[in-house]
Structures are given as C-alpha cells and as structure tokens.
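1. what's the 3D shape of this:
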Amino acid sequence: MPDYTHAPEPLGVPTRRAALRLLDAVLRRGESLESALPAATRAIHGPDRGLAHAIAAETLRRLPDLDAMIDSVTKTNLPDDAKARMALRIALVQVLILGTPSHAAISTVLPLVDGGPRKLVHGVFGTLFRANMLLPEVPTLPAPVELRWEAAWG
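-> Purely as a prediction, here's the structure:
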C-alpha cells in the first residue's frame with residue numbers, strides 16, 4: 001500500500017523552502033548567506049540550488065523595499081520574522097526581480113505557510129499584484145547602514 005503521509009512536495013516548493021531556510025539563517029541567526037548555503041540547500045541540486053540562492057540574495061538586497069511594500073497593504077505590520085512576511089518576500093522577489101509568473105510564485109510559497117496564514121499571504125500578494133506595485137530601480141539601504149555610511153562619507 002502506498003504511503004500517502006509523506007507525499008513529495010509540489011515541483012518548485014523545495015527550492016522555495018531552501019530559500020526560506022537561507023533567509024532564516026541570515027536574518028535570525030546572523031550567518032552569512034554563503035556559509036548557510038550548504039546546509040540550507042542540502043536537499044536540492046544544480047539549477048534549483050542556484051535559484052534558491054538567487055531568491056535569498058535578491059530578497060536580502062531588496063529587504064527594506066519589500067517590507068515597505070508589504071506594510072503598505074496590511075492593517076498592522078507583520079513581525080519581521082513571521083513566516084507570512086518571509087513567504088511574501090520570496091513571492092515578490094520572484095515576480096518583480098526574477099520574472100517568475102505570479103501564479104507560479106504564489107503557488108510555490110503558500111506551502112511554506114501550511115497550517116498558518118495562507119489566506120493572508122495570498123490576499124496581500126494579490127493586492128500588491130493587482131496594484132502593479134514596482135520596486136525602486138535602486139534598492140533602498142537599510143536605515144542603520146544608510147546612517148553609518150552617511151556618518152563615514154557624508
């Protein structure tokens with residue numbers, strides 16, 4: 001009899017799950033992206049590993065802008081480390097930076113919040129997508145970095 005309790009994840013989800021692990025390692029545990037890569041992407045290979053790295057790197061690069069975008073359509077700001085915020089960051093980077101079709105971006109991040117606020121993630125993503133939101137051409141620096149650079153170089 002087949003074991004249906006451990007069905008494989010839909011295509012593309014393991015890559016997004018690896019990107020989520022990378023972001024968690026960097027943002028919560030303070031690891032560098034490169035040092036977190038082997039453990040976070042252990043279950044995927046080749047192009048999928050490269051895609052997980054690209055999603056995480058672009059998310060980190062665009063973090064202030066992604067968060068401002070998400071916060072612009074929510075009544076109360078989601079916690080910085082909430083899975084819903086992480087899933088939205090990943091979906092938005094895929095669509096706005098990497099050119100992933102919106103249906104593929106949302107369908108591959110919703111499993112990341114199973115048992116959680118799937119409707120919230122889907123609703124916020126849909127609202128932003130319908131509003132044709134765009135990221136700034138030049139990424140915004142995080143406030144502490146901007147202050148440090150301004151103090152150092154004026």
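
2. so who does residue 101 touch?
-> Taking CB atoms under 8 Å, 6 or more residues apart in numbering, we find residue 101 in contact with residue 95. Where you see a C-beta, it was placed from the backbone N, CA and C, and this is true even at glycine.

3. Same question for residue 96.
-> Residue 96 touches 133, 134, 135, counting by CB under 8 Å, 6+ apart.

4. what about the helices in the chain?
-> Remark: helices assigned in the chain by DSSP state H are 13-27, 33-40, 46-61, 63-71, 83-96, 102-109, 118-130, 143-153.

5. contact partners of the last one?
-> By CB under 8 Å, 6+ apart, the list of residues contacting helix 143-153 from outside reads 64, 141.

6. now the third one
-> Around helix 46-61, the neighbours that count as contacts under CB under 8 Å, 6+ apart are 14-16, 18-19, 22-23, 26-27, 33, 37, 40-41, 44, 66, 89-90, 93-94, 97-98, 139.

7. pLDDT on it, on average?
-> Averaged over helix 46-61, pLDDT sits at 96.

8. With that, I have no additional questions.
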